[in-house]
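Engineer: below are the sequence and a predicted model for it; my questions follow.
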Amino acid sequence: MNLLSHLINGLSLGSVYAIIALGYTMVYGIAKMLNFAHGDVIMVGAYISFFAMAGGYHPLIAILLAMLVCTALGVSIEKLAYKPLRQAPSLAVLITAIGVSTILQQIALLLWGSNPKVYTSLVPNHTFSLLGGKVNVSLIAIVTISACIIIMAALTWFISRTRTGKGMRAVSEDKGAAQLMGISVDGTISVTFLIGAALAGVAGCLFCSTYTLIMPTTGAMPGIKAFTAAVFGGIGSIPGAMLGGILLGIIEILGKAYISTELSDAIVFMVLIIILLVKPSGLLGKQVQEKV
Amino acid sequence: MKKVIIMALVLLLAVTLVACTGAEPKAGGGAFKIGGTGPLTGGAAIYGNSVKQGAELAVAEINALEGIQLQLRYQDDEHNAEKAVNAYNALKDWKMQISLSSVTTTPGIATSKESFDDRMFGLTPSASSTAVTEGKDNIFQMCFADPNQGSASAQYISNNNLATKIAVIYKNDDAYSKGIYETFEITAKELALEIVSITTFTEDSQTDFSVQITDAQSKGADFIFLPMYYTPASLIFKQCDTIGYRPKFFGVDGMDGILTLEGFDIGLAEGVMLLTPFSADATDPLTKNFVTKYNEKYGEIPNQFAAGGYDSVYAIYKAILASDGDIAPTMGHAEICEKLIAIFNGNFVFDGVTGTGVSWDSNGQVSKDPKAVVIKNGEYVGM
């Protein structure tokens, strides 16, 4: 019966990774850059909702507020740090992203101090006992998994059905051609950052509701794991990020439970290496021929 | 032209940065320079700041006596060995003469090595691993050493029949946590305590404890031993509570601080037991004076780390007094080091807030016994 508990825990952890990974994969797919500051936007989202709830606001308003601030932050990061480098070599953009990540962490350190704070869970602490008490599922795990499914469905609909979504796909395929067709590339990239950052806000709230400590470095580790998940599923692919995130969470928890608590991260990355050896573009990634 | 402007700006920035670091404490003629490193920021910041505040209070009291004068400087090491060595080197540049080593164990191992090579006397308030003092004749501990904590915990659990089936969760990449666990296990075996579940975590995986908790629960553990700092421990309490698992918890000195964690639901820590050398509700005049003054200055009740910092400074001060003018602020650190070693290894006995009649053996370990306290209604109560 432990297996079932582990699977549910893995699914819940994986759902958070998946929501974060969506932000990485969308930005990569469209702007062709790795936004390493994404993890720290999560941290900001968590802090904002923490203070909103501490100020007595309803958790839903706290999430909305976190999303709003994260969106503003994500879009301004794009405008200030990345847009001027649109024509620069990708290495310069990468270093800038790492720089932005450090800046965000240090600002958080200055504003909110180094002492960890205990995050109040978004939903009340409630546990459902299944199968005669052998399997315990917490309400927050259910909320996290449902949120992940809803976000995935909404995003798929948005990308495939709406005009902006189609624009995003077009820009991701060929920037130049999309521009010739009258799509605003800068606008599309901004929308991508906007969605990614809003998701980061949600992810921050969900992550900290499960693992209730919050400090300026909170976003770093889930950020890296989610980036791994995005690569795992095939970076640039939205269903891939989802699948990668969930698999990563499950592998991590099962590896911890049945192989070794010490080696859980090593196992995760080992699986990643094997997958990339067999399928270099990730699970659902498209094989793209490099033009010569 | 643009280049010139940029160069000028860079120059200006450099000058401002240098100017910013110029906030030296005024170099009093004939003061001993005491330095230490500790996590003043980051996840372990509460320990560093507590020790620093305790030490500052002691320095202020001693300087007010207008006898021996001390200057104290603390550098941030973020509980990171590399940064601790950099911080230690910065203190050496400041011409530190006596070191308070590091606050936490992992940095402490790194700086004590440097300290040993440099012949700089070190007295750590709280880095409790034996690796800090082992083979280094000039490094001493104010806190009890990890083996002491591990075996004392097992002894205590056995003497009081606290547990039937024990689970242990420890942090595998942390010398402090692992050190305590190892001696705990040895003593537990000797005392025939039944350990049913042993699980670990690391720095990078200290958020999700579902696996460790499920393991303990499914093996029927009614008691969890947590040799770790209080931040991961708070997550374990929370996650146990979430799935409705309520064993007894037993921590060591790193658990001290859990009650000051912002936003922490103190109810989750109700009944948690821990070992500590210091309890703020003691009634002896030394402790009373310390607690009152600390509270006046910093607006909080001191924890054992603050007490350790306070005692460390006083121990150095008393040792200098004991030298009868043989140790002077004009001496180099190596000369002071040899004289202090002779005193600490001699008949020097120290009475402080973390223990009375304290003396040191040649390994640098302190002779005092850990005491157990339990958290009741959000306060530490002696057991």
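Structural biologist: Structure received. Residues are numbered from 1 along each chain as shown, chains lettered A, B, ... in the order given.
Engineer: and A:F50, how close does it get to B:P329?
Structural biologist: Applying Cβ to Cβ, to the nearest Å, the value for A:F50 to B:P329 is 48 Å. Using the backbone N, CA and C atoms, a C-beta is placed for each residue, glycine as well.
Engineer: just B:A64 next, same as before
Structural biologist: Distance, B:A64 to B:P329, by Cβ to Cβ: 17 Å.
Engineer: elements contacting the helix or strand containing A:V143?
Structural biologist: Per DSSP states H and E, A:V143 falls inside helix A:139-161. Under the contact definition 3 or more Cβ pairs under 8 Å, 6 or more residues apart in numbering or on different chains; DSSP states H and E, helix A:139-161 sits against helix A:2-31, strand A:127-130, helix A:163-173, helix A:185-210, helix A:238-258.
Engineer: neighbour count winner among A:F50 and B:P329?
Structural biologist: More neighbours surround A:F50 than the other of A:F50 and B:P329, with 23 against 17 (other Cβ atoms under 10 Å in any protein chain shown).
Engineer: what's the offset of the helix or strand harbouring the more buried one from the middle of its chain?
Structural biologist: Applying DSSP H and E as the criterion places A:F50 in helix A:38-54. On the basis of Cα atoms, centre = their mean, to the nearest Å, helix A:38-54 sits 14 Å off its chain's mean C-alpha point.
Engineer: circling back: mind putting the helices and strands packed on helix A:139-161 in a markdown table, mean neighbour count, distance to A:L111 and mean pLDDT included?
Structural biologist: As requested, the helices and strands packed on helix A:139-161 are exported to a markdown table (neighbours: other Cβ atoms under 10 Å in any protein chain shown; distance: least, Cβ to Cβ, whole Å; pLDDT from 0 to 100):
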| stretch | mean neighbour count | distance to A:L111 | mean pLDDT |
| --- | --- | --- | --- |
| helix A:2-31 | 25 | 22 | 89 |
| strand A:127-130 | 13 | 35 | 77 |
| helix A:163-173 | 17 | 33 | 89 |
| helix A:185-210 | 25 | 15 | 92 |
| helix A:238-258 | 24 | 29 | 90 |
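Engineer: what's the nearest residue to residue 45 if we skip its chain neighbours?
Structural biologist: In the absence of a named chain, this looks at chain A. Spatial nearest neighbour of A:G45, chain neighbours left out: A:G204 (3.2 Å); criterion: Cβ to Cβ, 6 or more residues apart in numbering or on different chains.
Engineer: ah, I was thinking of chain B
Structural biologist: With sequence-adjacent residues excluded and distances taken as Cβ to Cβ, 6+ apart, B:A45 is closest to A:S114, at 4.3 Å.
Engineer: then A:A46?
Structural biologist: Distances taken as Cβ to Cβ, 6+ apart place A:G204 nearest to A:A46, at 3.7 Å, with adjacent residues excluded.
Engineer: wait, doesn't that neighbour sit right on A:M67?
Structural biologist: No: when contacts are counted by Cβ atoms under 8 Å, A:G204 is not listed as touching A:M67 (9.4 Å).
Engineer: touching both of these two, which residues are there?
Structural biologist: Common contact partners of A:G204 and A:M67 (Cβ atoms under 8 Å, 6 or more residues apart in numbering or on different chains): A:G45.
Engineer: picking up where we left off before, how much space between the residue nearest to A:G45 and A:G244?
Structural biologist: With distances taken as Cβ to Cβ, A:G204 is found 20 Å from A:G244.
Engineer: repeat that for B:N80.
Structural biologist: Plainly put, B:N80 is 31 Å away from A:G244 if you go by Cβ to Cβ.
Engineer: just B:I62 next, same as before
Structural biologist: 60 Å.
Engineer: repeat that for B:V358.
Structural biologist: For B:V358, the distance to A:G244 equals 56 Å [Cβ to Cβ].
Engineer: show me the contacts for the spatially most central residue of chain B.
Structural biologist: In chain B, the residue lying closest to the centroid (Cα atoms, centre = their mean) is B:S126, at 2.8 Å. Taking Cβ under 8 Å, 6+ apart as the criterion, B:S126 is in contact with B:47, B:51, B:103-104, B:142-143, B:253, B:304-305, B:308-309.
Engineer: near chain A, which residues of chain B are found?
Structural biologist: B:40-43, B:45-46, B:172, B:199-202, B:204-205, B:207-208, B:210-212, B:214-215, B:218, B:231, B:234-235, B:238, B:241-244, B:261-265 (Cβ under 8 Å from any Cβ of the partner chain).
Engineer: quick one, which of those are buried?
Structural biologist: B:40-43, B:45-46, B:172, B:199-201, B:205, B:207-208, B:210-212, B:214-215, B:231, B:234-235, B:238, B:242-243, B:261, B:263-265 (16 or more other Cβ atoms under 10 Å in any protein chain shown).
Engineer: narrow the residues you listed to those in strands?
Structural biologist: Using DSSP state E, the members of those that fall within strands are B:199-201.
Engineer: how far away from the center of its chain is stretch B:294-307?
Structural biologist: A distance of 14 Å separates the centroid of the chain from that of stretch B:294-307, by Cα atoms, centre = their mean.
Engineer: and it, what's buried?
Structural biologist: By neighbour count with 16+ other Cβ under 10 Å, stretch B:294-307 contains the buried residues B:294, B:298, B:302-307.
Engineer: that older thread, just the ones in strands among the buried ones among the residues of chain B next to chain A now: which is nearest A:K83?
Structural biologist: B:F201 (40.7 Å; Cβ to Cβ).
Engineer: spatially nearest residue to the closest one, not counting backbone neighbours?
Structural biologist: Using Cβ to Cβ, 6+ apart and skipping the chain neighbours, the partner closest in space to B:F201 is B:K171 (5.8 Å).
Engineer: up against chain B, what does the stretch 151-292 of chain A have?
Structural biologist: Within the stretch 151-292 of chain A, the positions near chain B by Cβ under 8 Å from any Cβ are A:210-213, A:215, A:217, A:221, A:252-253, A:256-257, A:261-262, A:264-265.
Engineer: part of a helix, is A:A62?
Structural biologist: Yes: looking at A:A62 with DSSP: H, G, I helix; E, B strand; the rest coil, it is inside a helix.
Engineer: hmm, it is touching A:G45, no?
Structural biologist: No: if you go by Cβ under 8 Å, A:A62 and A:G45 don't touch, sitting 9.9 Å apart.
Engineer: between these two, which contacts overlap?
Structural biologist: With Cβ under 8 Å, 6+ apart, A:A62 and A:G45 have common neighbours A:C205.
Engineer: quick one: which of these two has more around it?
Structural biologist: Ranked by neighbour count (other Cβ under 10 Å), A:A62 and A:G45 place A:G45 first, with 34 against 23.
Engineer: and the pLDDT for B:I6?
Structural biologist: You'll see B:I6 listed with a pLDDT of 69.
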